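> Build me a model:
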Amino acid sequence: MPSFPRQRCNHPDDHVHDREAFVREVTEVCAERGLRLTPLRERVLRLVAKATLPVKAYDLMDLLRDGKGPAAPPTVYRALDFLLENGFIHKLESINAYVGCHQPRLPHSVPFLICGECGQAVEMEDERATRLLTEQAQALGFRPLAQTLEVHGRCARCAEPE
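Predicted coordinates for the structure are as follows:
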């Protein structure tokens, strides 16, 4: 199996969660909600969970090879859409990549910090920024339907002097 892209600055992922526990939790949530986690959806979920950095759809297609060439784009995008719609993964629009959700049981919107040096994306598990944006939008008469806040910069390790 091809490996996932490595971080350019070679520092360890400081925001690791138990990937197998994540997949088990998503499986349980699907059973509770009567959702069908097909084998392809589960494979895509496992690949996103295994990735140390946000993963792009075409990278997933390459990783899904079964000796018959890459998986068909519409099939992979349908699996990603299912996982997104049910809150199991997040899409980072600015870099067109996907990451697993750290709270797949709870509908929520959280800011991400994305390092431009190593590509690491950290899901901030703090709803204050999201709540503030929603309150400000509503004060202006705007009704938000979706929200993705992505902050680009340099993580602490990449910002350290060499």
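> what sits against D18?
Residues near D18 by C-beta atoms under 8 Å, 6 or more residues apart in numbering: none. Yep, even glycine has a C-beta here, placed from its N, CA and C like the rest.
> Same question for L133.
Listed by C-beta under 8 Å, 6+ apart, the contact set of L133 reads 144, 147, 149.
> List the contacts of stretch 80-96.
By C-beta under 8 Å, 6+ apart, stretch 80-96 touches 26, 29-30, 33, 35, 41, 44-45, 48, 54, 56-57, 60, 97-101, 104, 106-108, 110, 112, 114, 119, 121, 123, 148, 150, 152.
> repeat that with 6 Å
Contacts to stretch 80-96, defined as C-beta atoms under 6 Å, 6 or more residues apart in numbering, come from residues 26, 41, 45, 48, 54, 98-101, 104, 107, 121, 148, 150.
> hang on, the earlier thing: export the contacts of L133 to a markdown table and tack on distance to T134?
As requested, the contacts of L133 are exported to a markdown table (distance: C-beta to C-beta, whole Å):
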| residue | distance to T134 |
| --- | --- |
| P144 | 6 |
| Q147 | 7 |
| L149 | 11 |
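> Output the below-cut-off pLDDT ranges for this structure.
1-17, 66-70, 162 (pLDDT under 70).
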